[in-house]
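[1] Mind looking at a prediction? Sequence and model below.
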Amino acid sequence: MAQIQVHVLVSGRVQGVGYRMATYDVAQALGLNGWVRNLADGRVEAVFEGSKDVVEEMVRWCRQGSRAAVVEDVAVKYKESEGFSDFSIRR
C-alpha cells in the first residue's frame with residue numbers, strides 16, 4: 001500500500017500536558033514512522049508516515065490530543081513520504 005506523509009502543527013495548551021509523549025505512544029501503536037517535537041512558540045510539530053487510513057486516524061487523534069491538552073488548531077499539510085524508518089521524539 002502506498003505510503004503518505006502528513007506534517008502537522010498543533011496549537012493550544014499542548015506543552016507541559018503530556019501531548020508530545022502521548023503522540024509518540026499513539027504513533028508507535030499505529031505503526032507510523034516520523035517524529036514529534038515541541039516548538040519554542042508553544043506549538044507541537046509532527047510528521048507522520050504510513051498508509052493513508054492510518055495517517056488520517058493519527059490526524060484525528062491530534063485534534064483531540066492527550067487527556068490534559070486543549071487543542072485549538074491543527075494545521076495539516078500532505079507531502080510525499082520521505083521514508084522514515086521509525087518514530088522518534090525530537091528535542
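    Everything's here; your move.
[2] hey, let's count contacts and neighbours off CA atoms from now on
    Fine.
[3] And the residue nearest the centre of the chain, how far from Val6?
    Centroid-nearest residue in the chain, with CA atoms, centre = their mean: Ala46, separated by 4.2 Å. Between Ala46 and Val6 the computed distance is 8 Å (CA to CA, to the nearest Å).
[4] pretty sure the residue nearest to the centre of the chain belongs to a helix, no?
    No. Under DSSP: H, G, I helix; E, B strand; the rest coil, Ala46 falls outside any helix and is assigned strand.
[5] so what's it bridging to?
    For Ala46, the beta-bridge partners under DSSP bridges are Val8, Val36.
[6] okay, now Ala69: neighbour count?
    18 (other CA atoms under 10 Å).
[7] Would you confirm that it contacts Ala22?
    No. Between Ala69 and Ala22 there is no contact under CA atoms under 8 Å: 10.3 Å.
[8] for this protein, what spans make up the strands?
    3-13, 33-38, 44-51, 70-80, 87-89 (DSSP state E).
[9] got a markdown table for the ones you listed, with distance to Glu57 and mean pLDDT too?
    Formatted as a markdown table, the strands of the chain follow (distance: least, CA to CA, whole Å; pLDDT from 0 to 100):
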| stretch | distance to Glu57 | mean pLDDT |
| --- | --- | --- |
| strand 3-13 | 11 | 97 |
| strand 33-38 | 14 | 98 |
| strand 44-51 | 10 | 98 |
| strand 70-80 | 13 | 96 |
| strand 87-89 | 16 | 98 |
